[in-house]
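K.L.:
Sharing a model that was predicted from the sequence below.
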Amino acid sequence: MNSRYTIAILTSLSYFSCAEPNMDTTTPTDPGRSGNEGMTVSIQAHDGTFVGCELGGGEGSPPVLRSGHPDVNDWERFTMFRKGGDTIALQAANGRYVCADGDEKEVLVANRDYIGAWESFVLEPLDGGRVAIRTHRGLYVSSDHALPGDSSNRLMGDRDAVGAWERFTIVPDTAFRP
């Protein structure tokens, strides 16, 4: 992919005409109700694999985002909502919003009913059509291959700089409509 895809994604975000979502995290936000229909996308990690939402391993385990999926199926599709400028929110296949969870060491999980600060991300264009994804704390999302065992490839929002593992490609899914 090249930089024209990044430009197309960022440009297409500007076509959503909606009011700023409710930033009061005590009230659920319905992006579709405000005219922001969202865009179905997949997220490709630096190694060519796709990010998927994986349901928790047991009672109380949150659904985490993890790269390493070779194909795009239902759980590798996200609805991307524009919040303003280059700021987005992501809704996973389980219907919940993605969050860089400050209470869970900045692991990206899909367990929120609303879009607030922790559910907001900024896309920063990089070379070759890729983007860096920045959390509300100004840290970058990484597909962390160094985590042990079942934690490998989890998306973490805890990096100070963009390296190889912090490069993603947002791929519009024109064939899939939720």
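P.N.:
Received, thanks. Numbers count the residues shown, from 1 in each chain.
K.L.:
In contact with the residue nearest the centre of the chain, which residues?
P.N.:
Nearest to the geometric centre of the chain sits L90, at 4.9 Å (Cα atoms, centre = their mean). If you count contacts by Cβ atoms under 8 Å, 6 or more residues apart in numbering, L90 has them with F78, T79, M80, F81, Y97, V98, A110, E119, F121. Backbone N, C-alpha and C define where each C-beta goes, glycine included.
K.L.:
Out of these, list just those in strands.
P.N.:
Members of the contacts of L90 lying in strands (criterion: DSSP state E): F78, T79, M80, F81, Y97, V98, A110, F121.
K.L.:
Check what pLDDT the second one gets.
P.N.:
What the model reports for T79 is a pLDDT of 96.
K.L.:
Next: S14.
P.N.:
Per-residue confidence (pLDDT) for S14: 37.
K.L.:
related to what we said a few turns ago, in what helix or strand does the residue nearest to the centre of the chain lie?
P.N.:
If you go by DSSP states H and E, L90 is part of strand 87-91.
K.L.:
Count the residues that sit near H136.
P.N.:
Using other Cβ atoms under 10 Å, H136 is surrounded by 17 other residues.
K.L.:
Looks like it contacts A117 (just checking).
P.N.:
Yes - counting by Cβ atoms under 8 Å, H136 touches A117, with 4.6 Å between them.
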